[in-house]
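> Quick one: sequence plus predicted model below, questions after.
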2 protein chains.
Amino acid sequence: MATITIKDVAREANVSVASVSRALNGGSGVTAETGQRIREVASRLRYIPHAAARMLITRRTNTIGALLPDLYGEFFSELIRGIDLAARARGLHLLVSSSHDSSDDAAAALRAMQGRVDGMLIMSAHVDDAFLRANLPEGLPTVLINSAVKNKAYGVINVDNYACARAMVKHLLDVGHKNVAFIAGPENNFDAQQREKGYRAAMAKFASKIAPNVVAGDFTEEAGYRAGQELLAQKKRPSAVFAANDMMAVGCMHAFREAGLRMPQDIALAGFDDIPVARYVSPPLSTVRVRIVDLGRSALESVATILENPDHQVAVRPAFGCEIIVRETCGASRVAASHKKSLS
Amino acid sequence: MATITIKDVAREANVSVASVSRALNGGSGVTAETGQRIREVASRLRYIPHAAARMLITRRTNTIGALLPDLYGEFFSELIRGIDLAARARGLHLLVSSSHDSSDDAAAALRAMQGRVDGMLIMSAHVDDAFLRANLPEGLPTVLINSAVKNKAYGVINVDNYACARAMVKHLLDVGHKNVAFIAGPENNFDAQQREKGYRAAMAKFASKIAPNVVAGDFTEEAGYRAGQELLAQKKRPSAVFAANDMMAVGCMHAFREAGLRMPQDIALAGFDDIPVARYVSPPLSTVRVRIVDLGRSALESVATILENPDHQVAVRPAFGCEIIVRETCGASRVAASHKKSLS
DNA sequence: GGCGCGAACGTAAACGTTTTCATGGCGGCT
DNA sequence: AGCCGCCATGAAAACGTTTACGTTCGCGCC
């Protein structure tokens, strides 16, 4: 209970507190012999430096804050895992604040972290330039994850939604589908916007004769279900549907099956995210996978880099790649092989 | 850049630092008028108290640490969400350290948190009584999640795996299956042990003529697949199989389907956890659901309670209940209704 | 042998709060 | 009118480190 301080160690080892500090930190400035003795005493006494006192004088918390939105399960845990892994590798601590749903909520969470962190990792839909300027102390190293904000003051790491969506649409066209429709995500969602842009770009480039066919959605299974019904009701039913995320694809799948359609024979389907469920629906869903662990890891390394050399201008990390996961719903030829692989 | 301190506020408001401190914290001991003026100046100057300095003098970090193992995605994020929600409601911060796979790893993570937290939330397979005594400073409020450790010094919150497994087995017996087999989890896993005990208890009580039939597993899909094959190779094939978790149930399902068996007509199947995938496999998997968010929330409240009145003896919270989710694989009669409900 | 220099170590200031204690003023009671 | 006590306020100590700056000592070189 009686917390023991550096003074206790100093007294027990017959040295001054300064020497104890030197021995335990740098190690330079003390004899190898005394250093040894001090360390010995310290561990015998189970001395643990008072973190707050150290922070106070050092002006370093060795902690990074992570501000995350109310995230879908799988994505969240993978992201945290990546961040945490990288943080521990660098001896940094991780202060998290997740599941805030309003802008005010996020602002409060952000302010609460003030002074407890050396840098911030922020991922949130509510975050824009004004928000950051209002709630972030200037000079605090900050990296934005999946954000549309473009400001020299912040690092940004984004998934290359545009290129990935484009690639998936191209794939669908390549395997023979002409009339590819798209189920959009929430309007104000940056990921969703980029994916839609990717869809439109691919259509414009590789299927210029077909008009883009976009129906509304909001990333929920429910919306996917409705969008599926809407697409089936169209005069000219699309031959393939690309949903802006897997949840909507799953909902869409229900609508198709309800209508008695087989996939991919009657209609093809693809999603985005490769959530675990994608493998287990039947037929297994073709989708686009993002390496989320790497995203988190990279985000942390980025903020750590800024931390280490503040002069160094904020490096905008290259956007992250994804990979096309070919399962059964997209009607590609190499179905069997791909499916087996994805199960192993 | 120039961080502004309480002194700056004091000077600007023509008061002493003591008054500023009082005005910003308790509010008592200072005129309403001066208090107002001070708060005004503080917010104009965008003053934010230096957390470390406050911790140093207060000996309170207002932070609790969470030590978590390498957890399966869904479970992890739900748990964190619950913890985080409760923490923010109480104005506490959350320092997380996850995905450590060895005991040494966990010890290092634990030690690194020393002095940065007021209390700990620990969930890990590697944690036993000796480990805690060696790595945890005595007197640090600690709550263990899903742990077999019984020590008056720590709070413990467990899922009632035993009762839930027992209930599921009873359900399988109730709907007419006689010969219920069990696929076990890892031997050293506490959850797995409890679930197996629940299985054995239910069999002993409600199907005393049938010998328990347990095959080995380790919570992976792969193990479930092998266990499924093993069960099919038995002289007398079981009429129902209860897997210790959903992942193994899914693997088992693959084995059954590979053998041309239909579920539930030819053989029934049930899992544990209600991971999202359970709804999407076909046929949808009957399983046992645990309210993980509540588990996390409750764990945090528990440690916060200890924090607030240290005298109060550590309350061992009652174990958490679960619910039986009846879908299609268990062959119960009310399939349609239940399925519809679970999708809504 | 003295002088200077570097290494080992000690002293004390500084970090930004909270909190205890002292001080002064003001109002109410006798 | 005088005194007591309360309340707002200020001064200063304390929290446990790190680090700049002295001080001492030993050693090599002139």
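Right, received. Where do you want to start?
> How many neighbouring residues does the residue lying closest to A:Arg39 once chain neighbours are set aside have?
Of all residues not flanking A:Arg39 in the chain, A:Ala23 sits nearest, at 6.2 Å (Cβ to Cβ, 6 or more residues apart in numbering or on different chains). Using the backbone N, CA and C atoms, a C-beta is placed for each residue, glycine as well. Using other Cβ atoms under 10 Å in any protein chain shown, A:Ala23 has 25 neighbouring residues.
> Would you agree A:Ala23 is in contact with A:Ala32?
No: counting by Cβ atoms under 8 Å, A:Ala23 does not reach A:Ala32; the two are 9.9 Å apart.
> so what sits against both of these two?
Counting by Cβ atoms under 8 Å, 6 or more residues apart in numbering or on different chains, A:Ala23 and A:Ala32 have no shared contacts at all.
> How about the residues of the stretch 101-250 of chain A by chain B?
Applying Cβ under 8 Å from any Cβ of the partner chain, one finds that the stretch 101-250 of chain A approaches chain B through A:109, A:111-116, A:137-139, A:250.
> Surely A:Ala53 touches B:Leu56?
Yes: applying Cβ under 8 Å, one finds A:Ala53 in contact with B:Leu56, separated by 5.3 Å.
> Check the residues of the stretch 101-250 of chain A next to chain B for burial and list the buried ones.
A:109, A:112-116, A:250 (16 or more other Cβ atoms under 10 Å in any protein chain shown).
> Show me the two of those residues that sit farthest apart.
Pairwise distances across those peak at 43.4 Å for A:Gly115 and A:Val250 (criterion: Cβ to Cβ).
> List the buried residues of the helix or strand where A:Ala304 lies.
Under the criterion of DSSP states H and E, A:Ala304 resides in helix A:292-308. Using 16+ other Cβ under 10 Å as the test for burial, helix A:292-308 gives A:292-293, A:295-307.
> what pairs with the helix or strand that that helix is followed by, and is each one parallel or antiparallel?
Of the helices and strands lying after helix A:292-308 in sequence (DSSP H and E), the nearest is strand A:322-325. Using DSSP bridges, the strands paired with strand A:322-325 are strand A:287-290 (antiparallel).
> which residues are in contact with the strand it pairs with?
A:159, A:164-165, A:167-168, A:246, A:249, A:270-274, A:278, A:320, A:322-325, A:327.
> got the CA positions of it in CSV?
Taking C-alpha atoms only, strand A:287-290 is exported to CSV below (Å, rounded to 0.1, in the frame of the first residue of the first chain):
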residue,chain,number,x,y,z
THR,A,287,-16.3,-9.2,-52.1
VAL,A,288,-13.4,-6.8,-51.7
ARG,A,289,-11.1,-7.2,-48.7
VAL,A,290,-9.2,-4.5,-47.0
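> Give the rounded mean pLDDT of that strand.
For strand A:287-290, mean pLDDT rounds to 90.
> Would you mind listing what in chain A touches DNA strand D?
Applying Cβ under 7 Å from any atom of the strand, we find that chain A lies next to DNA strand D at A:3, A:5-7, A:17-18, A:20-22, A:24-25, A:47-50, A:53-54, A:56-58.
> Which of those residues are buried? Put it as a ChimeraX command.
Of those, the buried ones go into a single ChimeraX selection, burial set by 16+ other Cβ under 10 Å:
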select /A:5,6,20,21,22,24,47,49,50,53,54,56
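> Helices of the stretch 1-150 of chain A, start to end?
Secondary structure of the stretch 1-150 of chain A (DSSP state H, counting those that start in this stretch): helices at A:6-13, A:17-24, A:32-44, A:51-58, A:73-89, A:103-113, A:129-135.
> Quick one: closest of the ones you listed to B:Arg88.
helix A:103-113 (7.0 Å).
> what sits up against that closest one?
Against helix A:103-113 from outside (Cβ under 8 Å, 6+ apart): A:65, A:67, A:69, A:95, A:97, A:100, A:120, A:122, A:124, A:126-127, A:131, A:134-136, B:48, B:88, B:91, B:93.
> Residue ranges in chain A under the pLDDT threshold?
Low-confidence segments of chain A (pLDDT under 70): A:1-2, A:72-73, A:310-321, A:333-344.
> What about the nearest residue to A:Lys197 once chain neighbours are set aside, how many residues nearby?
Nearest non-adjacent residue to A:Lys197, counting by Cβ to Cβ, 6+ apart: A:Tyr162, 5.4 Å away. A:Tyr162 has 21 neighbouring residues, counting by other Cβ under 10 Å.
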